[in-house]
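[1] Everything below, folded, please.
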Amino acid sequence: MILTVLSALAEPTRLATMRILHDGNEHCVCDLMQRLDATQSRMSRHMQVLKQAGLVVDRRDAQWVRYRIRPDLPPHLQALLAAALVEEVMA
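    Okay, here's the model as predicted:
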């Protein structure tokens with residue numbers, strides 16, 4: 001499972017998505033598309049990978065789908081996600 005999560009987070013758009021979702025709120029796929037300048041099909045593929053990795057959950061809201069970080073994310077995955085979300089500072 002760790003390799004699946006690392007692989008999911010290794011892609012820049014998915015990592016950027018997790019940074020957005022890290023605020024704890026639900027985000028509509030339309031918001032994610034706009035903020036990441038992604039098409040609906042591209043965003044859907046990325047969200048499917050994050051969902052299969054067990055990092056996000058979704059909820060259908062009329063024609064849109066809303067995503068958030070999985071609330072019951074195991075502690076070891078929470079730590080891994082936190083480490084991945086830390087922006088690297090170059091000296």
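
[2] Any stretches of the protein with poor pLDDT?
    88-91 (pLDDT under 70).

[3] Number of residues surrounding residue 50?
    By other Cβ atoms under 10 Å, the residues close to residue 50 number 24. Every residue, glycine included, has its C-beta placed from N, CA and C.

[4] show me what contacts residue 1?
    Shown in contact with residue 1 (Cβ atoms under 8 Å, 6 or more residues apart in numbering): 53, 54, 77.

[5] list the contacts for residue 77?
    Neighbouring residues of residue 77 by Cβ under 8 Å, 6+ apart: 1, 5, 54, 55.

[6] For residue 43, state which of those is nearest.
    For the contacts of residue 77, the closest approach to residue 43 (Cβ to Cβ) belongs to residue 55, at 14.9 Å.

[7] what about the closest one, how many residues close to it?
    Residue 55 has 24 nearby residues by other Cβ under 10 Å.

[8] Verify the stated contact: it with residue 69.
    Yes - if you go by Cβ atoms under 8 Å, residue 55 and residue 69 touch, sitting 6.6 Å apart.

[9] Name the residues contacting each of those two.
    With Cβ under 8 Å, 6+ apart, residue 55 and residue 69 have common neighbours 18, 81.

[10] Quick one: the helices in this protein, in order.
    In the chain, the helices defined using DSSP state H lie at 2-9, 12-21, 29-36, 40-52, 75-85.

[11] Any idea which of these gets closest to residue 63?
    helix 29-36 (9.2 Å).

[12] circling back to that earlier point, kindly reformat the helices of the chain as TSV containing distance to residue 65.
    Shown next, in TSV, are the helices of the chain (distance: least, Cβ to Cβ, whole Å):
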stretch	distance to residue 65
helix 2-9	18
helix 12-21	13
helix 29-36	5
helix 40-52	8
helix 75-85	21
